[in-house]
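In: Model the following, please.
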Amino acid sequence: CSSDLRHSWEEVEAQQPIEWLVDGLIPAAQMIVLAGAPGSGKSLIVLDIAGKMATGEQWRDRRVRPGSTLIFAGERFQGWGARARAWRTANNSPPWGQYRVEFVDGCPDLSSGTGHLEVLEQIEAFKQQHGHAPAVVAIDTLSVALGASPENDADSLAPVVRDLRDAVRRYGVTLVLVHHVAKASASKATPALEDIRGSGVIDGNLDGAIVVTVPSKGRQTMHVVKMSDGEAGRPLHSELVAVPTGRTREDGTPERSVILVPAEPEEAETDLVAAVVENVRQRGDVTSLNHLQEGMHGQRARLSAALKTAVADGLIRKVDGIYTVPGIRGAVPGSPPKGGETGTTWNSRPPEVVPISREPVGTSGNHLDLVDDGVAATPGGARPRKTRASKSVSHDSGTTWEPPPDRTPPESVVLQGQVVPGLGNQVGRAHV
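Out: Numbers count the residues shown, from 1 in each chain. Model prediction:
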């Protein structure tokens, strides 16, 4: 081991913070995997984020660092044209400026031991032509790039990941490996890192992992199952909508392709989150998923996902492993332990989860039952969804929530003789 690889505490402490290309989702100068079943829309995610980075626009209300993307398109290169046209038309995007999205027709043979050198050559060529290296390099897909090597084999995958690290170190790019999940995991409600093929190598050598599931026809959900320097956060839902690309085929019919449209969770999932919040509110606090299951019916995986969503939305607070509803006795320091009622008095009835309506999200309404790349699409965008009133006020949509007369949020809570602020001034606006 060379001595120049050794660093002092002070040198390590002086390292720059981890930056984000997409806040909380895509870290800068890291390696992540984006995995899902065939036809789940993984490539659409890559294209959508790449386009927003090139224009510098926010992605799903998340901050984006402007930058270029280079995509190694190993599967059906011809199909990327329609996708790109549909994305630009739907987003009314102008021609690229300083930053851009470019494609390489095919993937390097990473099983050869020298395939990573082709990746470096393409990055260097991009840098020479445009004056900067791409911020993101996507290999779509890893299974194509591995050739005959089995993608589940750790002995085959480990040296590939090690070699690709060279691109991250030399150019500071973020490498996104588009990959597959095990067939048995394709329809799981709450996927885990173990569902990704070759997960043992990925867990030890990659910085992040995102799994894409298809909960129902025309829908897609992104789950962050690993993020070394961030938090998993709540799942991200999309509808796959087929829209005109602006081109016409030889027979005169308009060309259509699929884009991603942000969507609310399925209504059943929204109802389950509301039920979990109410269960915790009635108990005062919950100490574990097993504790939650004692008072609820449902699959453990779905309850776990609903609990995580409620925490991410601020509807439930987790402190030292204890789950509580903000403003309820268990959420206040010094409050009675689970099951204790002594000295707890509400000035008025605690707030409940109140559904509000949401206008549909969508585009032109043009749709196909099945589009060219095998992804089922839905007409016109997301259906109206019920949305939960949230403690966190982070949107300025103008949609406000007015509590019904019998559901007035408490302005204060009296606990053991002390007045503690409640939720009266916090639940003022709902996420839409």
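In: Show me how far the helix or strand where V258 lies is from its chain's centre.
Out: In this assignment (DSSP states H and E), V258 forms part of strand 254-262. How far strand 254-262 lies from its chain's middle: 20 Å, per C-alpha atoms, centre = their mean, to the nearest Å.
In: Please, where are all the strands along the stretch 201-350 of the chain?
Out: Remark: strands assigned in the stretch 201-350 of the chain by DSSP state E, counting those that start in this stretch are 208-213, 219-227, 236-248, 254-262, 317-319, 322-324, 344-346.
In: possible to save the ones you listed as a markdown table with distance to R300?
Out: All C-beta atoms are positioned from the backbone trio N, CA, C, and that covers glycine. Converted to a markdown table, those look like this (distance: least, C-beta to C-beta, whole Å):
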| stretch | distance to R300 |
| --- | --- |
| strand 208-213 | 17 |
| strand 219-227 | 16 |
| strand 236-248 | 21 |
| strand 254-262 | 28 |
| strand 317-319 | 18 |
| strand 322-324 | 15 |
| strand 344-346 | 31 |
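In: of the ones you listed, which approaches E57 most closely?
Out: Closest approach to E57 among the strands of the stretch 201-350 of the chain is made by strand 254-262 (13.2 Å; C-beta to C-beta).
In: partners of the closest one, with directions?
Out: strand 236-248 (antiparallel) (DSSP bridges).
In: tell me the helices in this protein, going along the chain?
Out: Using DSSP state H, the helices of the chain run over 9-13, 42-55, 80-91, 115-130, 142-146, 154-171, 199-205, 267-283, 289-293, 300-312.
In: With adjacent residues omitted, what lies nearest to D166?
Out: Of all residues not flanking D166 in the chain, H116 sits nearest, at 6.3 Å (C-beta to C-beta, 6 or more residues apart in numbering).
In: Confirm for me that the one you found is in contact with P108.
Out: Yes: counting by C-beta atoms under 8 Å, H116 touches P108, with 7.1 Å between them.
In: Run through the residues that contact the residue lying closest to A145 once chain neighbours are set aside.
Out: Distances taken as C-beta to C-beta, 6+ apart place C107 nearest to A145, at 4.0 Å, with adjacent residues excluded. Contacts for C107 (C-beta atoms under 8 Å, 6 or more residues apart in numbering) come out as F72, A73, G74, I139, D140, T141, V144, A145.
In: how many neighbours does the closest residue to the fourth one other than its chain neighbours have?
Out: With C-beta to C-beta, 6+ apart as the measure, F72 is the residue that lies nearest to I139, at 4.8 Å, once sequence neighbours are left out. By other C-beta atoms under 10 Å, the residues close to F72 number 22.
In: Tell me who's in contact with F72.
Out: Contacts of F72 (C-beta under 8 Å, 6+ apart): F103, V104, G106, C107, P108, V119, Q122, V137, A138, I139, D140, A145.
In: which among the contacts of C107 gets closest to R256?
Out: Nearest member of these to R256, counting by C-beta to C-beta, is A73, at 20.1 Å.
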